[in-house]
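**Student:** Here is my input, please return the structure:
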Amino acid sequence: MKSKLARFGGAAMAATLLVLTACNASDNKSATAPSAKNWTEFRDNFLKGYFPLNPNFAVYQGKHEFDGQLPDWSPEGLEKQAAYLEKAIADAKAFDGEMSPAEKFERDYLVHVAQGQLFFLRDTDFAQKNPAFYTGALDPNVYIARPYADATTRMKAFIAYAEKVPAAAAQIKANLKLPLPATFVKYGTAGFGGFADYYKGDAKAAFAEVKDAALQKQFDEAAAKAGAAMTDLAKYVGSQPGTPDGYALGAAKFSKMILTNEGVDTPLDELERIGQADLKRNQDALKAACATYAAGMTIADCMKKMNSDKPADGPVAEARRQLPTLRAFLIEKDIVTIPGTEQAQVEESPPYNRQNSAYIDIPGPYEKGLPSVYYISPPDPAWDKATQDAFIPGKKDLMFTSVHEVWPGHFLNFLHSNRAESIFGKLFVGYAFAEGWAHYAEEMMWDAGLGEGDPETHIGQLSNALLRDCRYLSAIGLHTKGMTVADSEKLFKEQCYQDEGNARQQAARGTYDPAYLNYTMGKLMIRKLREDWTAKNGGAGDKTKWKAFHDEFLSYGGPPIPMVRAAMMKEDAPKAVF
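**Tutor:** Predicted coordinates:
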């Protein structure tokens, strides 16, 4: 999901990296000095220095005084961001004022956020290699699709943004060292080129109602220059053939990534074993469901049968029908509290952001009364017709995508996080927390009775579970075990029964989003915590305790799940996270 990812500092990698980049800001050497009188002052000083260094992140949270600003991607700007995070970590650890338990939790939350972001700046070469480092911060969708102000005000903000794009593109071009891995070339040319098309197309159309001729002329001039800069950048990325390798983090860095970002220190071999076990569990469940739903068919043909039941009027229209039903189910089963009355809209995703089949853009905590938008992507027009047709999900597959993105997945998560007591809970919702919760929600909804035992519905849920199992194993394989992109694509097709287009797309994503194991990793940690918490609070497997568990879990906002576990289980340190 997009705004979620923008907010947790961490598609997914594009948004993971959205808050990692720096802008031209005044000297920040004393922003988090340990001389703050109390923790609240320290925390507020941290954010006061953080927002100017990450204006794109600030805008997505609803701080529109930063409208139109773009990061400084020069080496000096990136170093300034890293130094700020290093100082924040040291100062937070050294803070010795009186603190309540909630403030100590927030301090640890701050340290984890900073350490996770610092990893991508200090321990990877993403700024020099990975186009996903930049695409999230370049995204102008907030000005186009989010009605936080009148069209004229937002148009002026977009113009200010577009006027800064050529300089940003020049910095990106200077940073990226060719040749890039082949999957990065495809991602970068599609992403940067898609921005160029978006400026002239959807962005222009969005402000057609503004009748100020001078402003329209200014828009056209700024958009033309920005588009030319993005087109040039896309051509540069594609000017040399991509390499078949060069994307792997390596075992040591991969382990450090999940430790610094998610607080998980499980050895890689054990992590891989855990993922293989979940894959087998879901494969066995799929075989059992297919034996009823498609007796005599192969598993692959069973999956094709489920996905052949496609909505006649398209997935966007079908998802719009699904959302009220899912919300009513949550209320009927009393599974989790639904705070507020907000609803999510459903739209087709814009051309520059179709690397995922679906995602949701959720306004940040500083916005008031604005809609969230659940985006669904059409197939790549470059694919052959059979691949395009297969890419469109079946109704039951799409049902669990809607669960994941909206009810009770990301959208509900953020209804809670926007009401968290901690400002960090509102702003920084972590990758494994957010995606783990949304993926956990799919299986939980089936277990709670969604579909009333219908095998086709179960196959739709399992299709999504298997997709995430193969992400989990591909992330470990691609980055630590010498797995090739072709190996990953084969895994998605043969072990997780994904169609050709999805398998191709997902294998490529694993190279530039090494943390996409977080869907399954987060799900497994949440499921284990639920089992242990319910056992401690009324009996193992007691579904009547689920609502209390869900409400308490979501109340923390989105820190690393082991932190939540330690708090909910009243442990000095998290134990048995899986």
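**Student:** Which residues are in contact with residue 173?
**Tutor:** 232-233, 236 (CB atoms under 8 Å, 6 or more residues apart in numbering). Where you see a C-beta, it was placed from the backbone N, CA and C, and this is true even at glycine.
**Student:** where's residue 407, which helix or strand?
**Tutor:** For residue 407, there is no helix or strand it lies in under DSSP states H and E.
**Student:** What about it, how many residues nearby?
**Tutor:** 26 (other CB atoms under 10 Å).
**Student:** Hmm, residue 331 and it touching each other?
**Tutor:** No. Using CB atoms under 8 Å, residue 407 is not in contact with residue 331, being 10.0 Å away.
**Student:** can you list residues touching both of these two?
**Tutor:** By CB under 8 Å, 6+ apart, no residue touches both residue 407 and residue 331.
**Student:** Share the number of residues neighbouring residue 179, please.
**Tutor:** 15.
**Student:** Let me fix that, I meant to ask about residue 44.
**Tutor:** Residue 44: 14 neighbours (other CB under 10 Å).
**Student:** what's the spacing between the helix or strand containing residue 153 and its chain's center?
**Tutor:** In this assignment (DSSP H and E), residue 153 forms part of helix 151-175. What separates the centre of helix 151-175 from the centre of its chain is 23 Å, taken as CA atoms, centre = their mean, to the nearest Å.
**Student:** got the buried residues for that helix?
**Tutor:** 154-159, 161-166, 168-169, 171-172, 175 (16 or more other CB atoms under 10 Å).
**Student:** thinking again about what came up before, can you list the contacts of residue 173 in a markdown table and add distance to residue 145?
**Tutor:** A markdown table is the format used below for these (distance: CB to CB, whole Å):
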| residue | distance to residue 145 |
| --- | --- |
| 232 | 26 |
| 233 | 23 |
| 236 | 28 |
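**Student:** ok, so of those residues, who is nearest residue 103?
**Tutor:** Sorting the contacts of residue 173 by how near they are to residue 103, with CB to CB, puts residue 233 at the top with 44.1 Å.
**Student:** What about that closest one, how many residues nearby?
**Tutor:** Quick note: residue 233 (other CB under 10 Å) scores 28 neighbours.
**Student:** Also the one 5 residues further on?
**Tutor:** Counted by other CB under 10 Å, the residues lying close to residue 238 total 18.
**Student:** Can you tell me the closest non-neighbouring residue to it?
**Tutor:** residue 189 (4.4 Å; CB to CB, 6 or more residues apart in numbering).
**Student:** go on, residue 144?
**Tutor:** residue 206 (4.6 Å).
**Student:** Next up, the contacts around residue 70.
**Tutor:** So residue 70 contacts 23, 55-56, 137-138, 161, 164-165, 167-168 (CB under 8 Å, 6+ apart).
**Student:** Please apply the same query to residue 546.
**Tutor:** Contacts of residue 546 by CB under 8 Å, 6+ apart are 335-336, 444, 448, 530, 534.
**Student:** Could you single out the nearest of the residues you listed to residue 109?
**Tutor:** residue 530 (21.4 Å).
**Student:** Name the SS class of the closest residue to the closest one other than its chain neighbours, please.
**Tutor:** With CB to CB, 6+ apart as the criterion, residue 530 has its nearest non-adjacent residue at 5.4 Å, and that residue is residue 549. The local conformation at residue 549, judged by DSSP: H, G, I helix; E, B strand; the rest coil, is helix.
**Student:** residues near residue 549, how many?
**Tutor:** 20.
**Student:** Return the helix or strand in this structure with minimum mean pLDDT.
**Tutor:** Ranked by mean pLDDT, DSSP states H and E, the weakest helix or strand in the chain is helix 2-8, scoring a mean of 36.
**Student:** Show me the shaky parts of the stretch 351-500 of the chain.
**Tutor:** 351-353, 355 (pLDDT under 70).
**Student:** Do you have the helices of it handy? List them.
**Tutor:** In the stretch 351-500 of the chain, the helices defined using DSSP state H, counting those that start in this stretch lie at 385-391, 395-405, 410-417, 423-427, 431-447, 455-480, 485-494, 500-512.
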